[in-house]
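Trainee: missing the sequence, but the structure's below:
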């Protein structure tokens, strides 16, 4: 939809502003640079001076880099080149899946050039230098989309654009912070699920970055190869950031990607006030909640940013804060878009589920926090189907993270989703000589075991259901024929999920088997449907079926 709404704008692609942005390259002459010569130690361990890339036994990639801005980019790119190029290939192939027409792909490329024409004006020069260094190791395969530096910059806005384009719905995260009487030891404890989904392949190569910049505070970030922004992270001062998408209108021009705002917070903030000051001065182009925890403040707040507003949700009489995908501060209490989102989306449902889980789990510790992040049930323990976005665990998370800011400990989930082992890292050790003596990054004795659900028949059925879903979608589109028995089997793999009945109903409707379609739509309406618009869509199909 965004593509077609923007066709008139694309006609202006020859404007001076677009030409200038296409030719923009940051000035990096001020930075000293040593071109990395990577030493390959084995198939999964590489080094350059004091910079390392290695894969642990849980299949998480761990990257340690240090230096000035340009050197950080070069070190990152040289060590992760094959991973970064693979990630780029996965992402752009996904875009091709969304937009299969070559003509529309050309329009999209033109639109990207127009849309991102002002992005570089809103990104710090040192981050541009880092992106420039990183981009030198990008693939030549996609130069037809944009030059390497600009492409790397565009990709840092993918999270923002992904949740602004509501048809894609790639983002729907959950996070929470508890302290004082709500934790076992009284310390601040934070958990988050990052439900940014661009396919299973995109999530395979999780990257945990330990960054020691020449200027600023060392920090840990969890994301993917090719990313210098932060979606989940903690610095050595014990400041944490996690981002949750809010309801946005489709923005007309890109400004500062939210992940670079949170990167700046980690690199330069020692407490909540400094984090708020950084967020306030940056111009963003989508709505976002930033949950900020602080060891020095021994609490957490939510910074709520959007192109036209700014608010801080700071709890006074309680020692817990929940963050899903709607705003809570006074600055947004009259925001009609936010109010509508609360009523129609799955955000409020997950918020209520967090409240319920906190009632059941008193005095949290990291293990209890992991169990909350892995919870697949609905309110009051109702079975709502695997993959339902009303669940805290939607079985599609790119990663989950648990932070203990005062102890400087971080736990990161291994694949799949948040079900694998949570691997523990101690930032006090990592950003010291102790890391080099140990020869490893993780503090394995504090790891949290994998979820037993991984070994269940239900999990195997869910994975089979996901594989069958593409076949069912092709059948709905008329590309293939599927039998009633196959549809029944598909439903048996995830019997509590409304979508399997809705999909069967659409197949029968398109095949003009209206009596069968009616039965399936009615079944779908007995289940916990994800959003109000989804429910209305099922009702609309049922109404059309009844008229046949």
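Mentor: Arrived safely, thanks for sending. Fair warning: this is a prediction, and the values are worked out from it, not measured in the lab. Residues are numbered from 1 along each chain as shown.
Trainee: which intervals of the stretch 401-548 of the chain have sub-threshold pLDDT?
Mentor: 434-439 (pLDDT under 70).
Trainee: that one: strands as residue ranges?
Mentor: 409-413, 422-426 (DSSP state E, counting those that start in this stretch).
Trainee: so which of those is the most packed in?
Mentor: strand 409-413 (a mean of 26; mean count of other CB atoms under 10 Å). (Each C-beta comes from the backbone N, C-alpha and C, glycine too.)
Trainee: what lies in contact with that strand?
Mentor: The contact list for strand 409-413 (CB atoms under 8 Å, 6 or more residues apart in numbering) reads 60, 206, 208, 220, 222, 234, 366, 370, 373, 397, 399-404, 419-427, 443, 446-448.
Trainee: can you tell me which of those are in helices?
Mentor: In this view, these that belong to helices under DSSP state H are 366, 370, 373, 427.
Trainee: so the last one makes contact with residue 236?
Mentor: Yes. Look at residue 427 against residue 236 with CB atoms under 8 Å: they come within range, at 5.4 Å.
Trainee: ok, residue 415 to residue 120 distance?
Mentor: Noted for residue 415: a distance of 35 Å to residue 120, by CB to CB, to the nearest Å.
Trainee: over to residue 78?
Mentor: 24 Å.
Trainee: ok, what's across the strand from the residue positioned nearest the centre of the chain?
Mentor: With distances taken as CA atoms, centre = their mean, residue 196 lies nearest the centre of the chain, 3.3 Å away. Beta bridges link residue 196 to residue 171 when assigned by DSSP bridges.
Trainee: does it touch residue 400 like I think?
Mentor: No. Using CB under 8 Å as the test, residue 196 is too far from residue 400 to be in contact (11.9 Å).
Trainee: how about residue 24, what does it touch?
Mentor: 120, 149, 150.
Trainee: in a helix, the last one, correct?
Mentor: This means residue 150. Yes. Under DSSP: H, G, I helix; E, B strand; the rest coil, residue 150 sits within a helix.
Trainee: roughly how far does it sit from residue 124?
Mentor: 16 Å.
Trainee: between these two, which has more neighbouring residues?
Mentor: Ranked by neighbour count (other CB atoms under 10 Å), residue 150 and residue 124 place residue 150 first, with 22 against 15.
Trainee: which SS state does residue 63 fall under?
Mentor: strand.
Trainee: show me the helices in the stretch 1-150 of the chain, by range?
Mentor: Ranges of helices in the stretch 1-150 of the chain, per DSSP state H, counting those that start in this stretch, are 2-5, 7-10, 16-22, 69-98, 102-115, 125-135, 148-155.
Trainee: pull the number of nearby residues for the residue lying closest to residue 66 once chain neighbours are set aside.
Mentor: Nearest residue to residue 66, sequence neighbours excluded (CB to CB, 6 or more residues apart in numbering): residue 212, at 3.8 Å. Residues lying near residue 212 (other CB under 10 Å) number 18.
Trainee: residue 383 now?
Mentor: For residue 383, the count of nearby residues is 14 (other CB under 10 Å).
Trainee: from residue 518, how far out is the nearest residue to it once chain neighbours are set aside?
Mentor: In space, residue 383 comes closest to residue 496 once its chain neighbours are excluded; the distance is 4.2 Å by CB to CB, 6+ apart. Computed as CB to CB, the residue 496 to residue 518 distance reads 21 Å.
Trainee: over to residue 256?
Mentor: For residue 256, the distance to residue 518 - CB to CB - is 50 Å.
Trainee: who has more neighbours, the two?
Mentor: Between residue 256 and residue 518, counted using other CB under 10 Å, residue 256 has the larger neighbour count: 24 against 18.
Trainee: please report how far the more buried one lies from residue 442.
Mentor: Applying CB to CB to residue 256 and residue 442 gives a distance of 33 Å.
Trainee: and if you look at residue 129?
Mentor: Distance from residue 129 to residue 442, by CB to CB: 31 Å.
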